[in-house]
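>>> sequence first, predicted coordinates after that:
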Amino acid sequence: MRRLGKTRGSAIVELSLVGLVFFLILVAIADFGQFLFFQQAIVERARTAARWGAVTDPANGSAIQNMVLYLQPTAPAGGTPSFGLNASMVSVSTPDAGTDNYRLVVQISGYSYQVLSPYIAGSHKGSPISVSVPLGQYQ
């Protein structure tokens, strides 16, 4: 009986410690998954726009920019871009025109994502994403 009285609340204390660690790990996994999804979705937007621009008109920077923002060559009336992107975050260039090194480059920079994990919570800037499609050899 004496031993039972001393260990009465230990299960609740152990559960709270293990539960706290488990919850923190669960939030970290969710944050990392969100970051991976967000990063991959933006990379795929850039790839899609670069492919579309390479096939249609590599010199039409505004249409390629709209492909990144809206997944269509023209901006819809009253449409809002996905993932918090805007036109100033997307740059389109065609370096080395007229040479074999002619390419279409789509770059997305300045985007941010939210983190919920303790100690690093807040809005963080993502690293620039650059996609290059060679065009010179296909002319």
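Sure thing, it's come through.

>>> quick check: which element contains the closest residue to A49 other than its chain neighbours?
Residue nearest to A49 in three dimensions, not counting chain neighbours: M67, with 3.7 Å by C-beta to C-beta, 6 or more residues apart in numbering. In short, each C-beta sits where N, CA and C put it, glycine included. With elements delineated by DSSP states H and E, M67 resides in helix 61-70, which encompasses its position.

>>> other SSEs contacting that helix?
Helices and strands in packing contact with helix 61-70 are listed as helix 10-55, strand 90-93, strand 103-108; criterion 3 or more C-beta pairs under 8 Å, 6 or more residues apart in numbering; DSSP states H and E.

>>> what's the longest one packed up against?
With contacts defined as 3+ C-beta pairs under 8 Å, 6+ apart, the secondary structure elements packing on helix 10-55 are helix 61-70, strand 103-108, strand 112-115, strand 129-134.

>>> residues in contact with the closest residue to A87 other than its chain neighbours?
With sequence-adjacent residues excluded and distances taken as C-beta to C-beta, 6+ apart, A87 is closest to Q65, at 5.9 Å. Counting by C-beta atoms under 8 Å, 6 or more residues apart in numbering, Q65 touches A49, A87, V90, V92.

>>> right, I'll leave it there.
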